[in-house]
Every structure is written in structure tokens, then in C-alpha cells.
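Undergrad: Sequence and predicted structure are below.
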Amino acid sequence: MRKELLVTLSLLCPSSTAFAQAPSADDSLVHSRAIQAVIWGMPAVNFDLMLQAALKAGARENQIVFWSRIPDWKNQTLTPNPSTVYLMPFIDTKSNGPMVLEIPPASGGEITGTIMDAWQAALDDVGPAGADKGKGGKYLILPPGYAEKTLDGYIALASDTDMGYALLRSNVGSGSEADVAKAVAYAKQIKLYPLSQAAAPPPTAFVDVVDVTYDSTIPYDVRFFRSLDRFIQREPWLERDKAMIDQIKAIGIEKGKPFDPGPQAQKMLEEAARDARLWLDHRYEGLFRPPFYEGGQWALPVAHDVTEGLANRFAKPNVYPVDDRGAFYSFAFSSVKHLGSGQFYLVTIRDKEGRPLEGGSTYRLTVPTNAPVSLYWSGTVYDRDTHGLIRDTKWSSRGSNTPGLQTNADGSADIFFGPKAPDGKQSNWVPTKAGGGWEIIFRFYGPQKALFDKTWRLPDIERIAAQ
């Protein structure tokens with residue numbers, strides 16, 4: 001009778017200790033909870049992997065990682081924009097208290113971007129489309145539960161997590177070497193320092209990672225759970241997520257205790273991670289319906305509840321779209337407080353006929369004249385499997401700010417995708433690789449009314465030569 005009771009209890013409450021030594025009596029329950037941990041924990045792991053890449057590159061907390069040139073394929077974050085100068089301050093308020101992030105006025109340059117908590121929910125946008133309205137400002141990131149009165153002259157942002165980061169872009173004019181150098185010099189006017197040293201701020205440390213393979217693509221194996229454990233050990237539990245405490249305890253992750261799965265447990269976790277990946281990819285594909293344009297293939301593959309939730313830190317009491325949030329952060333990073341004010345994105349994974357985009361075939365996208373942007377547009381190709389830039393390619397993007405981009409007599413531009421450039425079209429070509437699929441994000445920086453009322457339409461991609 002006692003043995004039967006113990007088996008029943010182990011079915012209902014598999015312990016992290018038992019899981020570390022041997023498979024649970026109810027493998028299906030552990031498998032299910034591991035899948036749920038991947039989906040729920042995706043934005044946290046996404047953040048942790050970017051932080052780990054920064055640390056590996058020699059950066060530290062409260063320093064700014066940046067790319068001193070337009071990034072190439074070595075920037076293996078999820079769907080980055082290789083048409084801009086990126087900066088990523090990693091902000092730690094636990095060790096230094098409130099931190100100040102100074103954004104310079106939009107004079108001689110322009111910074112766009114967002115400051116986020118460690119779950120990548122937006123605290124606020126910066127720059128002309130942000131809280132400082134292009135005048136520049138001192139953003140004050142406050143640690144969880146900070147109760148002291150903040151001084152005038154700061155834009156106070158209360159965070160629920162000890163760490164956070166900002167994704168900032170120093171916008172490049174024509175894309176020439178001179179314009180890139182100008183954007184980098186302007187970006188280095190950004191400052192990051194503790195509020196306690198505001199009277200005499202120390203120099204801000206910038207760590208250049210332009211020649212580093214900065215890899216934060218998602219590993220669907222036991223490394224995912226090791227990353228999730230690092231995050232859980234480092235950050236406080238949020239009230240909205242406390243229901244997950246026992247869920248992840250069942251797979252061996254518990255605050256204050258080491259995560260040490262044995263060989264059988266690792267095997268089970270890796271199987272669950274692979275199954276989670278299949279589910280997330282299916283969910284991702286489902287987000288392309290309905291499309292942005294009726295009858296077309298382009299979409300913004302982010303559910304409305306996710307866009308809204310990331311902007312207000314999931315303030316609605318009866319809405320918490322964990323599944324769609326997991327799908328979003330499986331292929332992208334960062335969030336935006338006011339989507340559409342500074343930037344907007346359209347994505348496709350299929351051609352005009354609804355066929356998956358193939359690396360061995362050749363395609364054409366005709367961008368009509370008078371694109372609805374005040375800054376620039378770009379189309380960037382990513383590996384469909386990893387959602388990172390395709391490795392070992394010359395470049396990954398073409399846009400209105402690409403030097404030497406050819407335009408047609410009516411002002412439109414034909415962009416080509418494939419393993420080889422069509423004759424005479426190399427300046428308008430983005431390389432792909434045979435044997436793999438790809439996806440594309442079309443970015444609008446400074447989007448204008450004609451985009452949203454759809455009086456200007458981006459055509460679907462046409463296959464012009466099959467592999």
C-alpha cells in the first residue's frame with residue numbers, strides 16, 4: 001500500500017531531486033512541463049543568450065555592446081537589421097542601484113530604439129518616436145520596488161526585473177563609409193552610469209563586437225534549460241508568473257538550487273525541446289494569417305495581444321498570451337512601446353504562389369516608387385531554420401540606403417534573391433544558399449500614412465528561376 005501511495009505522489013508531484021537522478025514516474029508529465037517551460041521562458045532565454053554573448057565578447061553589465069560597422073552575418077542575434085549601427089546597453093540595477101541612460105538630442109544624428117526589462121517588455125521608446133521626442137533625455141531605470149522620490153530632469157522607468165537592456169539604432173544616412181562613421185560617432189554620445197555618480201559620471205564603456213560571432217540563436221536542447229535556470233537564479237519572480245514555480249521545479253529548475261540533470265533527464269529535456277521547437281514553428285506559421293494585404297503573403301507575425309502586452313507589460317488582468325509571445329521571441333528580439341511610430345515591419349516566408357522560399361531558387365521583389373518612409377526601407381534575408389542571418393554570405397540586406405542601388409525608370413527598385421546574382425544586378429541582389437529555406441523582413445523606418453491605409457502596397461515575392 002505504501003509503495004502504491006509513493007507512486008501516486010510521484011505522479012502528481014515529481015520532485016526536482018528525483019528528476020536530477022532518474023526519469024520521473026510520469027515521463028509524459030515532465031515532458032509536457034518541459035515543453036511549457038520552453039514556450040513560457042522563451043523571452044527570458046532570448047535575453048540571457050544575448051547577455052552571455054556579450055560576456056563572452058568581453059563586455060560586462062552596465063556597459064554598451066556596439067557594432068562599429070554595418071553588421072554582417074557574424075551578428076547572430078534573431079532577425080537583426082544589418083542596415084544600421086546597433087548598440088545594446090546591458091543594464092544591471094541590482095549591483096549599482098538606479099541607472100541613467102542618456103540619449104543625445106537628434107541633431108547631427110538620430111537614435112531610435114527601446115529600453116526593456118529582462119523579459120523584453122518595453123519600458124519606453126527613445127529618440128524622436130520615444131519619450132524624449134528627439135530632444136534627448138536622461139532615462140532613469142529603477143530597480144524592482146524602488147520607492148524613493150526621483151529627481152526632476154529624468155524620465156523615470158520602473159522595472160520589475162533587476163536586469164534589462166536597450167536595443168538602440170544609430171540611423172545611417174546613405175550607407176556610405178562616411179555616413180556609417182558619422183552614425184558611430186554620434187552613437188558614442190550615449191552615456192550609461194549609476195544615478196549615484198550623476199554629479200560626475202564615469203566614462204561609458206563601449207565594447208565593439210563587430211568582428212565577433214555574436215551568437216544568441218535559440219538552442220533547442222539542454223542548453224535552453226541551463227539558460228532558463230541562469231535567468232531564474234538571477235531575477236525575481238513576477239506575480240504573473242508564480243504559477244510556473246512548480247512547473248519548472250518538476251524539470252529540475254528551482255531558485256537557490258543547482259540545476260544538474262542526469263543523463264536520462266537530459267535526454268528527456270532534449271526531446272521536449274525538439275517538440276517545443278516544432279510546435280513554436282507551427283505557431284509562427286499560423287501568425288501569417290490573416291495577411292497584411294488581402295490575398296497577399298506579407299504579414300506582421302505578432303499577435304495583437306502580444307504587441308499590446310509587451311507595450312504595457314501585460315497589464316490587462318485577463319490576458320496573458322504566453323503561447324504567441326513564445327512564438328514571437330523564437331524568431332525575434334526586442335519590443336516596441338509604440339509600434340508604427342518609429343518603425344514597422346512586414347515578414348514573409350512564402351512567394352506569390354504560396355510556396356516556401358528556397359535558397360536554391362531565384363526570386364524578385366519589386367519595391368514600388370514612393371515607399372511610405374521618412375528615413376529608409378530595407379529587405380533582409382534570414383535562415384529559416386535559425387532565424388539568424390545566413391552564415392558566410394557577403395551581405396544580407398538591400399535597401400533604399402544601399403550605396404549603388406539601381407532603380408527603374410519609374411523609381412521602383414527590383415531586389416533579387418538567390419544563390420547567384422542576375423547579370424548586372426549584384427548591387428540589387430541578396431545571396432541565399434541552396435539546401436535551406438529563408439525568410440525576409442521588410443522594414444519601414446519612419447513609416448507614413450500610406451503604409452497603414454494600404455494605399456501603397458508591397459507586392460509579393462516572385463520566383464523567376466527554380467532550383
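TA: Here it is on my side, so go on.
Undergrad: When you work out contacts or count neighbours from here on, use the C-alpha atoms and nothing else.
TA: Will do.
Undergrad: Between its first and last residues, how far does stretch 355-365 reach?
TA: In stretch 355-365, first residue to last residue: 15 Å (CA to CA, to the nearest Å).
Undergrad: ranges for the helices of this structure?
TA: Remark: helices assigned in the chain by DSSP state H are 2-12, 16-21, 27-56, 93-96, 177-187, 222-234, 244-249, 263-286, 304-312, 322-329, 449-452.
Undergrad: so which of these gets nearest residue 348?
TA: helix 263-286 (9.6 Å; CA to CA).
Undergrad: and stretch 165-179, what's its mean pLDDT?
TA: The average of the pLDDT scores along stretch 165-179 is 89.
Undergrad: For residue 373, find the nearest of the helices of the chain.
TA: Closest to residue 373 of the helices of the chain is helix 449-452 (CA to CA; 8.5 Å).
Undergrad: can you pull the buried residues of that closest one?
TA: Under the neighbour-count criterion of 16 or more other CA atoms under 10 Å, helix 449-452 has residue 451 buried.
Undergrad: who touches that helix?
TA: 372, 456, 457 (CA atoms under 8 Å, 6 or more residues apart in numbering).
Undergrad: Let's check: the centremost residue of the protein is which one?
TA: By CA atoms, centre = their mean, the chain has its centre lying nearest to residue 333, at 0.7 Å.
Undergrad: Switch the contacts of helix 449-452 over to a markdown table; also include distance to residue 327.
TA: Compiled in a markdown table, the contacts of helix 449-452 are given as follows (distance: CA to CA, whole Å):
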| residue | distance to residue 327 |
| --- | --- |
| 372 | 28 |
| 456 | 29 |
| 457 | 26 |
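Undergrad: Most neighbours out of the residues you listed, which is it?
TA: Using other CA atoms under 10 Å as the neighbour criterion, residue 372 leads the contacts of helix 449-452 with 22 neighbours.
Undergrad: That residue and residue 133, how far apart?
TA: Residue 372 is 21 Å from residue 133, where distance means CA to CA.
Undergrad: What of residue 166?
TA: 17 Å.
Undergrad: ok, now which ones touch the closest residue in space to residue 108 that isn't next to it in sequence?
TA: The shortest distance from residue 108 to any non-neighbouring residue, by CA to CA, 6 or more residues apart in numbering, is to residue 186 (7.2 Å). Listed by CA under 8 Å, 6+ apart, the contact set of residue 186 reads 108, 109, 110, 170.
Undergrad: Residue 232 is in contact with residue 257, isn't it?
TA: No - the criterion here is CA atoms under 8 Å, and residue 232 misses it with residue 257 at 10.4 Å.
Undergrad: Of the two, which one has the most company?
TA: Neighbours per residue, other CA under 10 Å: of residue 232 and residue 257, the larger number sits with residue 232, 20 against 12.
Undergrad: how about the nearest residue to that one, chain neighbours excluded?
TA: With CA to CA, 6+ apart as the criterion, residue 232 has its nearest non-adjacent residue at 6.3 Å, and that residue is residue 255.
Undergrad: That neighbour: neighbouring residues, count only.
TA: 19.
Undergrad: what do you get for residue 242?
TA: With other CA under 10 Å as criterion, residue 242 counts 10.
Undergrad: Then residue 407?
TA: Counted with other CA under 10 Å, residue 407 comes out at 17.
Undergrad: Give the residue spans of the protein that score low on pLDDT.
TA: Applying pLDDT under 70 to the chain flags residues 1-26.
Undergrad: Show me it divided up by domain.
TA: 46-215, 342-464 (the TED database).
Undergrad: To residue 293, which of the ones you listed lies closest?
TA: Once the domains of the chain are compared by CA to CA, domain 342-464 is nearest, at 7.5 Å.
Undergrad: just how off-centre is the closest one within its chain?
TA: Offset of domain 342-464 from its chain centre (CA atoms, centre = their mean, to the nearest Å): 20 Å.
Undergrad: again, but for stretch 309-323
TA: With CA atoms, centre = their mean, you get 18 Å for stretch 309-323.
Undergrad: Now do the end-to-end distance for that stretch.
TA: One end of stretch 309-323 sits 13 Å from the other (CA to CA).
Undergrad: If you count neighbours, what's buried in that stretch?
TA: In stretch 309-323, counting by 16+ other CA under 10 Å, buried: 309, 310, 311, 313, 314, 320, 321, 322, 323.
Undergrad: Give me the contact list for that stretch.
TA: 39-40, 120-123, 305-306, 308, 335-338.
Undergrad: what about 6 Å?
TA: 40, 121, 122, 337 (CA atoms under 6 Å, 6 or more residues apart in numbering).
Undergrad: Ok, stretch 266-277 next?
TA: With contact meaning CA under 6 Å, 6+ apart, stretch 266-277 is reached by 31, 34, 35, 220, 221, 222.
Undergrad: Is it possible to get those residues out as JSON lines so that each row also shows neighbour count and distance to residue 430?
TA: Formatted as JSON lines, those follow (neighbours: other CA atoms under 10 Å; distance: CA to CA, whole Å):
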{"residue": "31", "neighbour count": "23", "distance to residue 430": "41"}
{"residue": "34", "neighbour count": "26", "distance to residue 430": "38"}
{"residue": "35", "neighbour count": "22", "distance to residue 430": "36"}
{"residue": "220", "neighbour count": "18", "distance to residue 430": "28"}
{"residue": "221", "neighbour count": "18", "distance to residue 430": "31"}
{"residue": "222", "neighbour count": "19", "distance to residue 430": "34"}
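Undergrad: buried ones in stretch 206-213?
TA: Using 16+ other CA under 10 Å as the test for burial, stretch 206-213 gives 206, 207, 208, 209, 210.
Undergrad: no wait, stretch 89-103
TA: Across stretch 89-103, burial judged by 16+ other CA under 10 Å covers 89-94, 97-103.
Undergrad: what's the most distant pair in those residues?
TA: Taking CA to CA, no two of the buried residues of stretch 89-103 sit farther apart than 94 and 103, at 22.1 Å.
Undergrad: Tell me how many other residues crowd residue 155.
TA: Residue 155 has 19 nearby residues by other CA under 10 Å.
Undergrad: wait, it sits on residue 139?
TA: Yes - Residue 155 lies in contact with residue 139 (CA atoms under 6 Å); the separation is 4.6 Å.
Undergrad: Tabulate the buried residues of stretch 89-103 in CSV, adding columns for distance to residue 181.
TA: As requested, the buried residues of stretch 89-103 are exported to CSV (distance: CA to CA, whole Å):
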residue, distance to residue 181
89, 20
90, 23
91, 26
92, 29
93, 31
94, 34
97, 33
98, 32
99, 28
100, 25
101, 22
102, 20
103, 18
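Undergrad: just the contacts of residue 186 now: which is nearest residue 286?
TA: Nearest to residue 286 among these: residue 170, at 33.2 Å, using CA to CA.
Undergrad: what residues are up against that closest one?
TA: By CA under 6 Å, 6+ apart, the residues touching residue 170 are 85, 110, 111, 183, 187.
Undergrad: of those residues, closest to residue 79?
TA: Using CA to CA, residue 85 is the member of the contacts of residue 170 that lies nearest residue 79, at 14.5 Å.
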